[in-house]
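>>> how would this look folded up:
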Amino acid sequence: MMELINKKAEAYAKNFSSKEDELLAEIAAYTNHHPHAQMLSGHVQGKILETISCLLQPKKILEIGTFTGYSALCLAKGLQPDGKLHTIELREEDAKIARSFFSKSLQNNKIVLHVANALDIIPTLNEEWDIVFIDADKVSYIDYYELTLPHVKQNGLIIADNVLFHGEVLEESIKGKNAKAIHAFNKHVANDKRVKQVMLTVRDGLLLIRKL
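From the prediction side, this is the model:
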């Protein structure tokens with residue numbers, strides 16, 4: 001696995017970004033002991049999500065891949081008073097953890113947690129999204145994108161995580177089904193005339209996709 005970000009630069013960025021609130025710090029500390037701890041959005045990326053949400057002041061957010069709830073709580077901070085964030089988690093155990101953290105948040109009444117396969121749930125949600133955050137199984141990224149884009153508002157955002165996939169997409173010969181799927185997704189978006197996009201080299205790569 002390639003080290004994408006200079007550790008000192010990462011620590012410096014964290015040091016000069018606004019601090020996590022107590023609940024987010026609690027989730028981060030808890031998730032450090034999770035077998036998939038690397039899936040946590042983390043401090044700096046969390047602040048990026050929070051800042052984007054606060055700037056857009058969304059009414060409706062869709063998150064695909066809840067994990068332990070960190071990114072959902074970051075995104076929820078920008079919601080309008082009557083706004084809702086729908087988040088979908090496949091694993092019952094992770095959903096249970098996320099639900100316990102949501103219950104401690106002032107945003108709890110704005111968060112709707114679905115425990116199921118996102119490909120089954122997304123078509124049942126009759127909403128127009130201001131922000132969609134994709135952070136689930138990599139082989140389904142194109143499916144998630146195509147399912148959600150028609151329901152994203154003009155100038156709304158789709159944010160896709162892990163678009164550098166541990167540096168594996170940078171290799172001359174891309175191996176592994178996840179890295180291949182992410183590379184295919186990145187090319188798919190790059191060729192889509194319905195959107196404009198910018199890739200950020202934050203953490204494992206974030207792709208910000210604006211619907212035209």
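>>> and the end-to-end length of stretch 13-24?
End-to-end distance for stretch 13-24, by C-alpha to C-alpha, to the nearest Å: 17 Å.
>>> chain center to that stretch, what's the gap?
Remark: stretch 13-24 is offset 18 Å from the chain centroid, using C-alpha atoms, centre = their mean, to the nearest Å.
>>> Likewise for stretch 188-200?
17 Å.
>>> Show the average pLDDT along that stretch.
Mean pLDDT, stretch 188-200: 98.
>>> Take it, keep the C-alpha atoms, and write them as CSV.
Taking C-alpha atoms only, stretch 188-200 is exported to CSV below (Å, rounded to 0.1, in the frame of the first residue of the first chain):
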residue,chain,number,x,y,z
HIS,A,188,-16.8,7.3,-16.1
VAL,A,189,-17.2,10.7,-14.3
ALA,A,190,-14.4,12.4,-16.3
ASN,A,191,-16.3,11.5,-19.5
ASP,A,192,-19.8,12.6,-18.2
LYS,A,193,-20.9,15.8,-19.8
ARG,A,194,-23.6,16.2,-17.1
VAL,A,195,-21.1,17.2,-14.5
LYS,A,196,-17.9,19.1,-13.7
GLN,A,197,-15.5,17.5,-11.2
VAL,A,198,-12.3,18.1,-9.2
MET,A,199,-10.2,15.4,-7.5
LEU,A,200,-8.7,16.3,-4.2
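>>> Now do the buried residues in it.
Neighbour-count burial for stretch 188-200 flags 189, 192, 195, 197, 199 (criterion: 16 or more other C-beta atoms under 10 Å). (C-beta placed from N, C-alpha, C; glycine too.)
>>> Surely residue 173 forms part of a strand?
No - using DSSP: H, G, I helix; E, B strand; the rest coil, the assignment for residue 173 is coil, not a strand.
>>> confidence score at it?
In the prediction, the pLDDT value recorded for residue 173 is 93.
>>> Distance check, it against residue 179.
Look at residue 173 and residue 179: by C-beta to C-beta, to the nearest Å, they are 10 Å apart.
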